[in-house]
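# Below are the sequence and a predicted model; questions follow.
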Amino acid sequence: MPTQTQPSDILLLGIGGGASIIVADIVQNGQTPLRTLCIDTDASALAYIAEKNIPTLLLGGTRLAGRGTGGDCIKGRMAIQDDIETLTPHLQGVRTVMLLACLGSGTGSGTVADVVKHLRSLGIATCCVITLPFKMEGASRQQTAERTVPMIEEYADTLVTLPLDTLYGSLLDEPLAIAIAKANTFLADGLTLLFQLVSRPGYISMDSTRLNMMIHHGGISHFASFEDTGHVRMMDLALRLKASKVLRSGDILSKAKTVLVGILAGDDLRLKEIDSIMTAISSLCKKNTQIELGTVLDNTLQGKISVVLFAFENAMPTQATAIIQQTPVSEASIGIEPPLADIAIPATGKRSKASSKANKLAAVSEKGRGRFHNVDPTLWNGQDLDIPTYQRRDIILER
Amino acid sequence: MSLAVALEIGTSRTVVSVGETGEHGRVKVIGVGTCPTIGVRKGQISDLKQVSLGIETALKQAEKMADTEIWQVIQIISGNHIQANTNSGTTAIRSHDRIVIREDIDDVKEIARAIPLEVDRQILHTIDQTFMLDDQSGVVDPLGMRCNVLSTSVLAIHGMKNRIENAVTAAKSMQLNVNDVVFAGVVSALSTLTPEQKKNGVVLLNLGGGTTSYVAYCNDVMCAAGCIAVGGDHVTNDIALAFNIPGNNAEDIKRSFGSAMLTADSTTPRIKIGADLGREERTINPRALQTVINARMDEIFRVILSKLNQAGILQHVGAGVVLTGGGAYLKGVVDLAQHVFRAPCTIGLPTHVDGLEKADNSAALTATAGALMYANMGNSRRGIFDKLITLFTKGS
């Protein structure tokens, strides 16, 4: 009887030069069978990635002739609008996309919003991990990035924003090459840990469906990873959490509704260590915060313990509700790629977010008009413009 | 030396401006009276009594400043009901030598101006577009040229008769005669735009409290106009709902800390909202405030962008976008407009009139300044702003 290898339903997608290098680093870690794709407008940068046997896709070939955008995000946007359909064949059987992009550049800033919108139209859950440029890179790149974030926020299910100034905060004294390598390693290691968590068996499991559901409902999220070796490991995690800049000294955890904790270690992982890690994390969270734990045991990690944290601003629905809200691509879940036409049917792409949006609209239409509650509505394309735009666009405000 | 008075009953404030014609025919503003408006929402009067009181207060201020008595005004109007559409007309050249004569031009204009409108609508302005000689388009003055068929079109700006009359009634309640009713966008363009901008193609947005009016020029001709009933009040309302604060607090926060661009980061200090009756002092995230404002302003611009795109105008706008009205002073709004329209944007000031050089937020006075210019134009000089009907003359 022929056997069939089940392809992963999670795709790691790198957009632009910077993100593609991080994707290459993750692949080079080499411990996880990953589905990856790197897209860029610069053919020479893609060639470097392709040499590492990573699938690549050139955008805007006819418009930019593979020369890149030169930092112009409008060119990036035009390129993706030209070639958005070329992305679809790479998404067969994919239920979750982890998207990585460095904003501020032409390709990163110009294309991400359209890609995420396209993924959403196909019913694919997206977790966008984006980096914001250094302040020292200049106001123009900062502005480009900041203009892009709300557009991504509108369509992404989960959005993790990492300002490079924060990421490199503790690396300012390091030589540039080392600092960049360390920051890339932080991202690469963190994401590798996440993939290992869902792709390797563990005593406390975290499967891809659970991850898919968490990403579906995540909203604005934050991400951090920690590593320790030696005989006494992770005993100072509480202190490290409080010192973490990406977790804003633990403030992020105190506001999170859901926290995903992944622990990866060798056979020598002790229950006491898991308990110590969970105690440290829950000491910074609110009492009603949902904390999800997953562990992976890997012999190659002997003596080492890694912890990856995802803090989501939204609470997760119960499993029963979640199952109803899932949009499984049935063939994909048993390892057979569905026909392209099936994936492209928008009906399969009904999103919990979209439906909650509709519910929200229904709810706010009665009371969300404020001072315009008893005047003729201003209608445009079927929308009541008197209702606050942020409500209709389902924008979650950072409180 | 003649005096003219303009009255604008805006959603946020009522403005009365008095102007006199100077030596070189330029209008000089000699008196301005303003009063916060109560009883107008989205440009529509909802409480006539309160509106009348606002007019009275602004009127008295303006009379005192200009040292004159006001009894007639040009009234500025805006609102969702204002619409514009074009109507074309064609005529065959009457002479055997096929040379266009004055009568041909008058004929074709008259045909184009016979605009079929519903009975409840009232024309405010008719604006002549360029002529077409047989298949040659874009002719500015066809007199003396040869062709078989002469065509032209007219842009008609019109509004709901009842709503226009309600605004006039408010003015009349203060014993004012309304000499003319003009659209805010048209008169703002008069006081603000330069001939060069009009020639190169420009869009003017008048960001008011309850409405946003727009007019677009292509090749020196006003080719589109309109209004949406969304303005600065919506921004204030969004802030009030987002942070659960009263409208007046929301307005203050918008003016003091608001930005249409997302510039705040985690290092930006939180905004303090002082304690109020039944409410403790608290702080709000500046990033969240900017997100609320950015979303609303982005949407306003995109609605107008879409309307201009539908009219096929945007590609002819070489001189960019000019922002006027009180909303033009919202921080970051120029950058956002630039981003949305992908064209250079500036704040438009009433540079074609004198006397407002030292006024604060003079972009908010462009409509009344333009109305004074409009009043100062003789009927012959109004040119493209020919009125078909002037209903609201003295004694009517």
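Here it is on my side, so go on.

# for residue A:60, what are its contacts?
Contact analysis of residue A:60 by Cβ atoms under 8 Å, 6 or more residues apart in numbering or on different chains lists A:41, A:69, A:75-76, A:78-80, A:82-83. All C-beta spots, glycine's among them, are computed from the backbone N, C-alpha and C.

# Sorry, slip of the keys, the one I care about is residue A:141.
Each residue near residue A:141 by Cβ under 8 Å, 6+ apart is listed here: A:71, A:104-105, A:133.

# And these, which is closest to chain B?
Distance to chain B, by Cβ to the nearest Cβ, is smallest for residue A:133 among these, at 12.0 Å.

# Just give the number of residues close to that closest one.
Residues near residue A:133, counting by other Cβ atoms under 10 Å in any protein chain shown, number 24.

# Also the one 5 residues further on?
Each residue near residue A:138 was counted by other Cβ under 10 Å, and the total is 12.

# Over to the one 5 residues further on?
Applying other Cβ under 10 Å, we find 19 other residues in the vicinity of residue A:143.

# Quick check, pLDDT for it.
pLDDT for residue A:143: 79.

# Shouldn't it be within a helix?
Yes: assessed with DSSP: H, G, I helix; E, B strand; the rest coil, residue A:143 lies in a helix.

# List the contacts of it.
B:261, B:335.

# hang on, residue B:216 in a strand?
Yes: read with three-state DSSP, residue B:216 is one of the residues of a strand.

# what's near enough to touch residue B:268?
B:286-287.

# ok, the residue of the stretch 1-150 of chain A found nearest chain B - how many residues close by?
Nearest residue of the stretch 1-150 of chain A to chain B: residue A:146, at 4.6 Å (Cβ to the nearest Cβ). If you count neighbours by other Cβ under 10 Å, residue A:146 ends up with 23.

# Check residue A:181 too.
Residues near residue A:181, counting by other Cβ under 10 Å, number 15.

# Can you tell me the element it falls in?
Secondary structure from DSSP states H and E places residue A:181 in helix A:176-199.

# what comes into contact with that helix?
A:8, A:10, A:12, A:21-22, A:25-26, A:29, A:31-34, A:98, A:100, A:129, A:131, A:162, A:164, A:167-168, A:171-172, A:174, A:206-208, A:210-211, A:223-225, A:227, A:262, A:264, A:294, A:296, A:298, A:306, A:308, A:310.

# just checking, residue A:100 touches residue A:17?
No: shown here, residue A:100 and residue A:17 do not form a contact pair, counting by Cβ atoms under 8 Å, at 11.7 Å.

# Tell me which of those two has more neighbours.
residue A:100 (30 against 22).

# From the chain's centroid, how far away is the helix or strand containing that one?
Following DSSP H and E, one finds residue A:100 within strand A:96-102. How far strand A:96-102 lies from its chain's middle: 5 Å, per Cα atoms, centre = their mean, to the nearest Å.

# Can you mark which positions in the helix or strand following it are buried?
Going down the chain from strand A:96-102, the next helix or strand is helix A:106-121, by DSSP H and E. Going by neighbour count (16 or more other Cβ atoms under 10 Å in any protein chain shown), the buried part of helix A:106-121 is A:106-120.

# sorry, back to before: buried subset of the contacts of helix A:176-199, written for PyMOL?
Those of those that count as buried under 16+ other Cβ under 10 Å are selected in PyMOL with:
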select buried, chain A and resi 8+10+12+21+22+25+26+29+31+32+34+98+100+129+131+162+164+167+168+171+206+208+210+211+223+224+225+227+262+264+294+296+298+306+308+310
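
# Now intersect the contacts of helix A:176-199 with the helices, please.
Residues of the contacts of helix A:176-199 located in helices (DSSP state H): A:21-22, A:25-26, A:29, A:164, A:167, A:208, A:210-211.

# rewinding a little: work out for me the element the residue of the stretch 1-150 of chain A closest to chain B sits within.
Per DSSP H and E: residue A:146 is located in helix A:139-155.

# Check residue B:163 too.
According to DSSP H and E, residue B:163 maps onto helix B:161-172.

# Is any residue of that helix near chain A?
No: against chain A, helix B:161-172 shows no contacts by Cβ under 8 Å from any Cβ of the partner chain, the least distance being 11.2 Å.

# Helix or strand next in line after that helix, which one?
strand B:177-183.

# Which strands or helices does that next one pack on?
strand B:72-77, strand B:121-133, helix B:161-172, helix B:366-376 (3 or more Cβ pairs under 8 Å, 6 or more residues apart in numbering or on different chains; DSSP states H and E).

# please redo it, this time with the cut-off set to 10 Å
strand B:3-9, strand B:72-77, strand B:121-133, strand B:149-160, helix B:161-172, helix B:184-192, strand B:221-228, helix B:366-376 (3 or more Cβ pairs under 10 Å, 6 or more residues apart in numbering or on different chains; DSSP states H and E).

# Make CSV from these and add mean neighbour count and mean pLDDT to it.
Shown next, in CSV, are the helices and strands packed on strand B:177-183 (neighbours: other Cβ atoms under 10 Å in any protein chain shown; pLDDT from 0 to 100):
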stretch, mean neighbour count, mean pLDDT
strand B:3-9, 25, 92
strand B:72-77, 24, 93
strand B:121-133, 20, 90
strand B:149-160, 22, 92
helix B:161-172, 19, 92
helix B:184-192, 29, 93
strand B:221-228, 23, 92
helix B:366-376, 28, 91
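
# Any chance of the ones you listed in a markdown table with distance to residue B:32 as columns?
Formatted as a markdown table, those follow (distance: least, Cβ to Cβ, whole Å):
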| stretch | distance to residue B:32 |
| --- | --- |
| strand B:3-9 | 10 |
| strand B:72-77 | 13 |
| strand B:121-133 | 24 |
| strand B:149-160 | 26 |
| helix B:161-172 | 17 |
| helix B:184-192 | 14 |
| strand B:221-228 | 24 |
| helix B:366-376 | 8 |
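
# among the ones you listed, which is nearest residue A:154?
Proximity of the helices and strands packed on strand B:177-183 to residue A:154 was assessed by Cβ to Cβ; the nearest stretch is strand B:221-228, lying at 21.4 Å.

# Report whether the very next helix or strand once past that closest one contacts chain A.
Under the assignment DSSP H and E, the closest C-terminal helix or strand after strand B:221-228 is helix B:232-243. Yes: Helix B:232-243 reaches chain A (Cβ under 10 Å from any Cβ of the partner chain) through B:233-243.

# for stretch B:152-160, same thing?
No: for stretch B:152-160, no contact with chain A is found by Cβ under 10 Å from any Cβ; the gap never falls below 11.7 Å.

# starting at the chain centroid, how far to that stretch?
How far stretch B:152-160 lies from its chain's middle: 15 Å, per Cα atoms, centre = their mean.

# In PDB, could you pull the C-alpha coordinates for it?
Output of stretch B:152-160 as PDB, limited to C-alpha atoms (Å, rounded to 0.1, in the frame of the first residue of the first chain):
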ATOM      1  CA  THR B 152     -20.900  72.000 -25.000                       C
ATOM      2  CA  SER B 153     -21.800  70.700 -21.500                       C
ATOM      3  CA  VAL B 154     -22.700  72.300 -18.200                       C
ATOM      4  CA  LEU B 155     -21.900  71.200 -14.700                       C
ATOM      5  CA  ALA B 156     -25.000  71.900 -12.600                       C
ATOM      6  CA  ILE B 157     -24.700  72.000  -8.800                       C
ATOM      7  CA  HIS B 158     -28.000  71.500  -7.100                       C
ATOM      8  CA  GLY B 159     -29.500  70.700  -3.700                       C
ATOM      9  CA  MET B 160     -32.800  69.900  -2.100                       C
END
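
# By mean pLDDT, point me to the weakest helix or strand of chain A.
In chain A, no helix or strand scores lower on mean pLDDT, DSSP states H and E than helix A:340-344, which sits at a mean of 28.
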